[in-house]
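> pasting a predicted model and its sequence here:
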Amino acid sequence: MSSSSTALRELQRDLENKANDLSKLQKDIAKNHQVRKKYTIQLGENELVLKELDLLNEDANVYKLIGPVLVKQDLAEANANVRKRIEYISAELKRLDSSLQDLEEKQHSKREAILKVQQRIQAGKAKA
Amino acid sequence: MGKPEVKGTVTSLSSVFPPEEMQKAAKMVEGKLSEKQNEMNQLKEFIADNTSLINLVQKLPDELHHDIMVPFGKAAFFPGRLIHTNEFLVLLGESYYADRTAKQTVEILKRRGKSLMSKVDALKAEMQDLKAEASFFDSTASEVADDLVEIREYEEDNSTERVSQSGPVELESPSVAEADNKVSASEDDEYARLMSRLEELEKEELAAEDEDANANATETETDSDEDELTEAAFHRKKVEGYSSLDHNQRYLVSQPRKQLQQSKGKDPMNEEMSTTYNHQDLTNQLACTGLTAEPVTKGNYGGEISRGRIVHQDTKMLNPPVNASVPSEKTSLKQIIHDSSRNEKPVQTPKSEFDSSKAFTGSIIEHTENLEKKLPEQKTTSSQSSDSKPSKPVSRFKMQRK
């Protein structure tokens, strides 16, 4: 009797741990989504900037705001910078996508493990 | 055969859509809808600001300099002048600025306005979807509240089916009917109606067919070479076909059944045709061998008979090449009808034995006008223009289906 109740308690503790892990995973997934959103917006903005820069004449003045300073920049340089930023953001997005997939898989497996533990608890309670 | 079996289930809506979940779903949708509404409001503000800015930028270069009150700190102004009224430092995005004139600035602003408008449109579409969802939930919630009950009936359409095939067909149709219970019942009625109409049209066409068939004799001579090859293949398949015919029949019948349930109109006709063809295959095979010599000489008929026969046996293989020339099902159906009508002629008598067992008496014609139109169009294809009585309705429809 006591052994079965301790086994039950262990199973319940196990369930709690798994539930905590699952909630952590869910938070990670939510964060991932947020960061992804931010990056997507930035990517869109950068593409807009690139379009506008393409429409500028060669001799137009381009400035970049670095902190409180407005620094004059070369058009070609600005173009190159914006392009590099776009590439960087896309790479980041891809990385985030893969990590999101991993997190989702882990979440899935955690859910299954939780189910199993729950079933065992049910079986244990039925026996006792 | 003609008696439809009706099975049914009665499910209370409240079991399918429990009321609490309905309310939760409705609330969720409402929440999403309000979110979208807020976004929409924000976007509309942006657009308003954008337009007012465009107006300002357009007015500034009217003067060389403007006298204004310049804000100084948080709570002070001092009088000042706005000079260089045609030079604007425009924010391009991501902390990049560019010097632009008033006109160029206005262009940039207009482009921004356009992208904002497209975002608003996308948001509107989303909101429409959400509203549709919300209305659906509301209606089902009210139905649940009224204790409405969902009744599903499965009806098999055996009215036009042959007795021999009723077994496998009936087995299949309930399962299929379950998938589209309401739709299948109406489709069966449609199907029956279509089939009876087809029979009527066929009979009409048979009379006209005789005249047209002779006119097209010359056109199919080029096909005779192909026909001979196909005839050989057909003979081989005939032997195979005998043993597997029953199986094929079942398979083909059940297939069209499913198609019948799932696609309205066209497939029912095909199904009926294919089943009739299946029946006729056995008896016609013998007739075919005897007739193959004749069709070759006749040119017109030869190609079609062999084609029709082969189609029976191996519909899948032949259907693509045959169908390649027929883009639409209707045209192929008519072609098949044309084919069969050509072929039917020499083979009419042996096939008539089966007619009694089949719903289709041999000539299946959907629309007399269309068929006649197709006659001139299909000269290059295997089916000649003449109306076709399906001496082998099965093969044609099988071809058509594939």
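Right, received. Where do you want to start?

> ranges for the strands of the stretch 101-250 of chain B?
Counting by DSSP state E, counting those that start in this stretch, one finds strands in the stretch 101-250 of chain B at the ranges B:149-155.

> residues from it in reach of chain A?
Applying C-beta under 8 Å from any C-beta of the partner chain, we find that the stretch 101-250 of chain B lies next to chain A at B:108, B:111, B:115. In this view, the C-beta of every residue, glycine as well, is placed from N, C-alpha and C.

> find the centremost residue of chain A, please.
A:Asn32 (1.6 Å; C-alpha atoms, centre = their mean).

> contact partners of stretch A:85-93?
Identification of contacts with stretch A:85-93 by C-beta atoms under 8 Å, 6 or more residues apart in numbering or on different chains yields A:36, A:39-40, A:42-43, A:46-47, A:50, B:94.

> with only the CA atoms kept, save that stretch in CSV.
The C-alpha trace of stretch A:85-93 is given here as CSV (Å, rounded to 0.1, in the frame of the first residue of the first chain):
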residue,chain,number,x,y,z
ARG,A,85,21.3,44.2,-43.3
ILE,A,86,18.6,42.6,-45.3
GLU,A,87,20.7,39.5,-45.7
TYR,A,88,21.5,39.4,-42.1
ILE,A,89,17.9,39.7,-41.1
SER,A,90,16.8,36.9,-43.5
ALA,A,91,19.5,34.6,-42.1
GLU,A,92,18.3,35.4,-38.6
LEU,A,93,14.7,34.6,-39.6
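
> buried residues, that stretch. List them.
A:85-86, A:89, A:92 (16 or more other C-beta atoms under 10 Å in any protein chain shown).

> okay, now the unreliable bits of chain A?
A:1-2 (pLDDT under 70).

> need the residues that contact stretch B:121-134.
B:26, B:29-30, B:32-33, B:36-37, B:39-40, B:43.

> I'd like the mean pLDDT over it, please.
For stretch B:121-134, the per-residue pLDDT values average out at 89.

> quick check: end-to-end length of stretch B:91-107?
The straight-line separation of the ends of stretch B:91-107 (C-alpha to C-alpha, to the nearest Å) is 13 Å.

> list the buried ones in it?
Buried residues in stretch B:91-107 (16+ other C-beta under 10 Å): B:92-94, B:96-100, B:102, B:104-106.

> where's the dip in pLDDT among the residues you listed?
B:Glu94 (81).

> tally of neighbours for residue 120?
All of this is about chain A. Look at A:Arg120: counted by other C-beta atoms under 10 Å in any protein chain shown, it has 15 neighbours.

> switch to chain B, that's the one I care about
Count around B:Val120 with other C-beta under 10 Å applied: 16.

> still on that earlier bit, so which of the residues of the stretch 101-250 of chain B next to chain A is the closest to chain A?
Distance to chain A, by C-beta to the nearest C-beta, is smallest for B:Ile108 among these, at 6.3 Å.

> phi, psi of the nearest residue to the residue nearest to the centre of chain A once chain neighbours are set aside?
In space, and not counting its chain neighbours, A:Asn32 is closest to A:Leu100: 4.8 Å by C-beta to C-beta, 6 or more residues apart in numbering or on different chains. In terms of degrees, to the nearest 10, the main-chain angles of A:Leu100 are phi -60, psi -40.

> rewinding a little: tabulate the buried residues of stretch B:91-107 (JSON lines), appending distance to A:Arg111.
Below are the buried residues of stretch B:91-107 laid out as JSON lines (distance: C-beta to C-beta, whole Å):
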{"residue": "B:Leu92", "distance to A:Arg111": "46"}
{"residue": "B:Gly93", "distance to A:Arg111": "42"}
{"residue": "B:Glu94", "distance to A:Arg111": "40"}
{"residue": "B:Tyr96", "distance to A:Arg111": "46"}
{"residue": "B:Tyr97", "distance to A:Arg111": "50"}
{"residue": "B:Ala98", "distance to A:Arg111": "52"}
{"residue": "B:Asp99", "distance to A:Arg111": "57"}
{"residue": "B:Arg100", "distance to A:Arg111": "55"}
{"residue": "B:Ala102", "distance to A:Arg111": "60"}
{"residue": "B:Gln104", "distance to A:Arg111": "56"}
{"residue": "B:Thr105", "distance to A:Arg111": "55"}
{"residue": "B:Val106", "distance to A:Arg111": "56"}
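
> report the two of those residues separated the most.
Pairwise distances across the buried residues of stretch B:91-107 (C-beta to C-beta) peak at 23.4 Å, for the pair B:Glu94 and B:Ala102.

> can you pull the residues of chain A lying near chain B?
Checking chain A against chain B by C-beta under 8 Å from any C-beta, the hits are A:42, A:45-46, A:48-49, A:52-53, A:56, A:60-66, A:70, A:73, A:78, A:82, A:85.

> swap the cut-off to 10 Å and go again
A:42, A:44-53, A:55-57, A:59-67, A:70-73, A:75, A:78, A:81-82, A:85-86 (C-beta under 10 Å from any C-beta of the partner chain).

> now the buried members of those.
Applying 16+ other C-beta under 10 Å to these flags A:42, A:45-46, A:48-50, A:52-53, A:56, A:62-64, A:73, A:75, A:78, A:81-82, A:85-86 as buried.

> which residues does B:Leu89 bridge with?
B:Asp99 (DSSP bridges).

> my guess is it contacts B:Gln104, does it?
No: with contact defined as C-beta atoms under 10 Å, B:Leu89 does not count as touching B:Gln104 (11.7 Å).

> give me the common contacts of the two.
Common contacts of B:Leu89 and B:Gln104, defined by C-beta atoms under 10 Å, 6 or more residues apart in numbering or on different chains, comprise B:Ala98.

> find the helix or strand that A:Lys125 is a member of.
helix A:75-127 (DSSP states H and E).

> still on that earlier bit, dump the contacts of stretch A:85-93 to TSV, plus secondary structure and distance to B:Ala145.
As requested, those are exported to TSV (DSSP: H, G, I helix; E, B strand; the rest coil; distance: C-beta to C-beta, whole Å):
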residue	secondary structure	distance to B:Ala145
A:Arg36	helix	41
A:Tyr39	helix	46
A:Thr40	helix	42
A:Gln42	helix	48
A:Leu43	helix	48
A:Asn46	helix	52
A:Glu47	helix	50
A:Leu50	helix	56
B:Glu94	coil	54
